[in-house]
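*Asks:* Structure for this input, please:
(2 chains)
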Amino acid sequence: MARTLAMFTDTSLCIGCRACQVACKQWNELGLEVPEWTGGYQNHAHFTDKTYRLVRFVEAPGAKPNGDLAWLLMSDVCKHCAQAGCLDACPTGAIYRTEFGTVNINQDVCNGCRYCVASCPFGVVSFNEQTGTAKKCTFCNDRIHNGLGPACAKACPTDSIQFGFRDELVAKANKRVETLKGMGFKDAQLYGADSGGFLGGLNAFFLLLAKPATYNLPDNPKLPQRNVVVDSLLSIGSAVLVGLGAMLAFRERGKGGR
Amino acid sequence: MSLSRRDFLKYGGATATAGALGAGVDMLPVEAAAVSLKIKEAKAFAGVCPYCAVGCGQLIYTRDNKIIDIEGNPDTPHTLGRLCPKGAATIQLSNNPLRPTKALYRAPGSDKWEEKPIAWMYDQIAKRYYDAREKYFITKEKDKDGHDVTVNRLEAIASLGSACIDNEECYLLSKLNRTFGIVYHEHQARV
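*Replies:* So this is what the prediction gives:
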C-alpha cells in the first residue's frame, strides 16, 4: 500500500474564487446545472451528481478576532474518510478504497441502490438519474494514478487546497493553526486531521476558523452503521411487546367466554 | 453426458481450489492498470490565457487535432500552474456547442441581422479597411509657413488594442497600423 495521499483545505486562505469548482467540472467533464438562488454567492446549495467541489460561503457574526462579522469561505469536498460510511454500506462492492487511501466508486459495478447516499455523514454522495449510479469526488483517481495531483488542488490560486502525503500535510496544518491562534483566531481548528479522531480521520481534512457547526459540518460525525445494534434490539423489543399485547388481547377475548 | 461420483469430486475439488486461489489474488495492481489518463497520449502546447492582463501560462492538450484539456502550466514563473475560475474554463472557448459559427451582419440603415459566413466577414473587413485608407490617406500637409510637408498618415481609422493580446500579437498589430499610417494607435492599458 502506497503512502496515504490527502488534501488539506486551509479555509483561512480561501478567497472564494471557485476555480476549484470549475477545474473539477472541466477535468471530470461534469455537465451543466441550472444555478440556484441560495441567498448569497454560494452555488449550489448542496453537492450534486455534477458538483464534486463546492465552495461554501458562510456569514458568521463575531467570528473575526475584533468581533466583526466574518465571511467564511470553505471549499468543501468528499472527505475520503478512513472509516467511510458509503464504503461500508455498498452491497455490490462498487465503492472501494484505492492504494492511496482514497474512496472511489466503480461506475461499472454500481447498481444504483443509493445506500451510500443515505450513509454518508456529510451528504457528499449523490445519485445521477442519467447513468443510474452514485457519483462523488474521485480524488481525481485517473490523475493520482498517473503522477498528477487533483485538478482542484492544482488550480487553487491561493494554495488553500494543498495536495500531498497525509503525514506531511498534518504537520503543516498544525503549524498553521498555531500561527492563526497567534493572530487572534481563537477558534481556529483542524477538522478531521487526527487519525485517532472521528471516522478514523479524513483524508481530505480542513482548517476551520470557527466551530464546525458554523460551516454546517457535524461536530462529531458518526457512521450510520453504529445505530444497527441499538435499532435491532429496539425492533426486537417492540416486536416482543406487540406480540405480548396481541396475546393479552386474545386472552381477554377468551375470558369473555364467547 | 454421464458424470461418475469420482469425476464429480475431482472437478468439484479443482473448482474449489481455483476459487480459493483466486480469492487470494491481489486485485489492486489490475485496478491501477485499468485507470487511464485522458491526456496521456495527448500533445501538450504551452499557451497564454486569453482573458485578462495577468497572462497566466496554460498547457493545451490536444489529441487528433482536438483540444481535450486546458490547465495551468506549472513552468510559468508568476502563476506556477494556477488559474482563476474563468481561466480554468478556457476549454469552453473551443469546445462549446454554443459557440457562434456564422457572422451576424447588420447593413447600414437596416433594422435586422443577417447571417453571413465567417469568410465573407473577413473579406469585408479587409475591403473596408482598404477602401477607407484609399479614400482618406493624407500624403502631404501644409505647415504653418505654407510649405508642403510629406506626412503619409491616415486619420480615418483608430486602433484600440486589448490587454489580452500577447507580445507577438502586439508586435503584429503595431506593424500593421504603422504600415497603414494609422496615428490613433491606442491600448487599453493606456486608457
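*Asks:* Which strands and helices lie in contact with whatever helix or strand residue B:175 lives in?
*Replies:* Taking DSSP states H and E as the definition, one finds residue B:175 inside helix B:167-180. Secondary-structure packing of helix B:167-180 (3 or more C-beta pairs under 8 Å, 6 or more residues apart in numbering or on different chains; DSSP states H and E): strand B:148-161, strand B:182-187. Where C-beta positions appear, they are placed from N, C-alpha and C, glycine not excepted.
*Asks:* Tell me which of those is the most buried.
*Replies:* Stretch with highest mean neighbour count among these: strand B:182-187 (a mean of 15; mean count of other C-beta atoms under 10 Å in any protein chain shown).
*Asks:* Return the list of strands paired to that strand, each annotated with direction.
*Replies:* Here strand B:182-187 is paired, per DSSP bridges, with strand B:148-161 (parallel).
*Asks:* pLDDT of the partner strand, averaged?
*Replies:* What strand B:148-161 shows for mean pLDDT is 92.
*Asks:* buried set for the helix or strand where residue A:232 lies?
*Replies:* Secondary structure assignment for residue A:232, by DSSP H and E: helix A:227-255. Neighbour counts over helix A:227-255 (16 or more other C-beta atoms under 10 Å in any protein chain shown) mark no residue as buried.
*Asks:* and that helix, what does it pack onto?
*Replies:* So helix A:227-255, by 3+ C-beta pairs under 8 Å, 6+ apart, packs with no helix or strand.
*Asks:* Let me know the average pLDDT across that helix.
*Replies:* Helix A:227-255 carries an average pLDDT of 87.
*Asks:* Sketch out the helices for chain B, chain order is fine.
*Replies:* B:5-23, B:28-34, B:85-88, B:91-94, B:118-136, B:167-180 (DSSP state H).
*Asks:* Need the winner for burial among the ones you listed.
*Replies:* helix B:85-88 (a mean of 22).
*Asks:* What is that helix packed up against?
*Replies:* Helix B:85-88 packs on helix A:19-28, strand B:66-72, going by 3+ C-beta pairs under 8 Å, 6+ apart.
*Asks:* Looking at these, which is nearest to residue A:237?
*Replies:* Proximity to residue A:237, assessed across these by C-beta to C-beta, is greatest for helix A:19-28 (46.7 Å).
*Asks:* got the angle for that closest one vs strand B:66-72?
*Replies:* Counting by axes from the mean of the first three to the mean of the last three C-alpha atoms, to 10 degrees, helix A:19-28 lies at 150 degrees to strand B:66-72.
*Asks:* packing partners for helix A:19-28?
*Replies:* strand A:54-60, helix A:151-155, strand B:66-72, helix B:85-88.
*Asks:* picking that back up, distance to residue A:193 added to the helices and strands packed on helix B:167-180, as JSON lines?
*Replies:* Supplementary listing: the helices and strands packed on helix B:167-180 in JSON lines, determined by distance: least, C-beta to C-beta, whole Å:
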{"stretch": "strand B:148-161", "distance to residue A:193": "50"}
{"stretch": "strand B:182-187", "distance to residue A:193": "49"}
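*Asks:* Mind splitting the chain into its structural domains?
*Replies:* Using chain A. What automatic domain parsing lists as the domains of chain A is A:5-222, A:225-255.
*Asks:* that's the other chain; I wanted chain B
*Replies:* Taken from automatic domain parsing, chain B resolves into B:43-94, B:103-190.
*Asks:* Turn the ones you listed into TSV, including distance to residue A:132.
*Replies:* Formatted as TSV, the domains of chain B follow (distance: least, C-beta to C-beta, whole Å):
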stretch	distance to residue A:132
domain B:43-94	26
domain B:103-190	41
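*Asks:* and residue A:102, which of those domains is closest to it?
*Replies:* domain B:43-94 (20.3 Å).
*Asks:* And the closest one, end to end?
*Replies:* Taking C-alpha to C-alpha, to the nearest Å as the measure, domain B:43-94 stretches 16 Å from start to finish.
*Asks:* Around chain B, pick out the residues from the stretch 101-250 of chain A.
*Replies:* A:141, A:142, A:143, A:145, A:146, A:148, A:151, A:154, A:155, A:156, A:157 (C-beta under 8 Å from any C-beta of the partner chain).
*Asks:* so what's residue B:44 closest to, chain neighbours aside?
*Replies:* Spatial nearest neighbour of residue B:44, chain neighbours left out: residue B:59 (5.0 Å); criterion: C-beta to C-beta, 6 or more residues apart in numbering or on different chains.
*Asks:* And that neighbour, how far from residue B:74?
*Replies:* 8 Å (C-beta to C-beta, to the nearest Å).
*Asks:* Wait, a strand at residue A:32?
*Replies:* No: read with DSSP: H, G, I helix; E, B strand; the rest coil, residue A:32 is coil and lies in no strand.
*Asks:* can you count the residues close to the nearest residue to it once chain neighbours are set aside?
*Replies:* Using C-beta to C-beta, 6+ apart and skipping the chain neighbours, the partner closest in space to residue A:32 is residue A:50 (7.7 Å). When counting by other C-beta atoms under 10 Å in any protein chain shown, one arrives at 18 neighbours for residue A:50.
*Asks:* can you tell me which residues contact residue A:50?
*Replies:* A:25, A:30, A:31, A:32, A:33, A:128, A:135 (C-beta atoms under 8 Å, 6 or more residues apart in numbering or on different chains).
*Asks:* Repeat the analysis, applying 7 Å as the threshold.
*Replies:* A:30, A:31, A:33 (C-beta atoms under 7 Å, 6 or more residues apart in numbering or on different chains).
*Asks:* Narrow these to those that are buried.
*Replies:* residue A:30.
*Asks:* among the contacts of residue A:50, which one has the lowest pLDDT?
*Replies:* Scoring the contacts of residue A:50 by pLDDT puts residue A:31 last, at 86.
*Asks:* per-residue pLDDT, the residue lying closest to that one once chain neighbours are set aside?
*Replies:* Of all residues not flanking residue A:31 in the chain, residue A:50 sits nearest, at 5.2 Å (C-beta to C-beta, 6+ apart). pLDDT for residue A:50: 93.
*Asks:* quick one: residue A:50 from residue B:44, how far?
*Replies:* Residue A:50 sits at a distance of 27 Å from residue B:44 (criterion: C-beta to C-beta).
*Asks:* ok so, going back, using JSON lines, lay out the helices and strands packed on helix A:19-28 together with distance to residue A:101 and mean pLDDT.
*Replies:* Converted to JSON lines, the helices and strands packed on helix A:19-28 look like this (distance: least, C-beta to C-beta, whole Å; pLDDT from 0 to 100):
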{"stretch": "strand A:54-60", "distance to residue A:101": "22", "mean pLDDT": "92"}
{"stretch": "helix A:151-155", "distance to residue A:101": "16", "mean pLDDT": "94"}
{"stretch": "strand B:66-72", "distance to residue A:101": "24", "mean pLDDT": "93"}
{"stretch": "helix B:85-88", "distance to residue A:101": "26", "mean pLDDT": "93"}
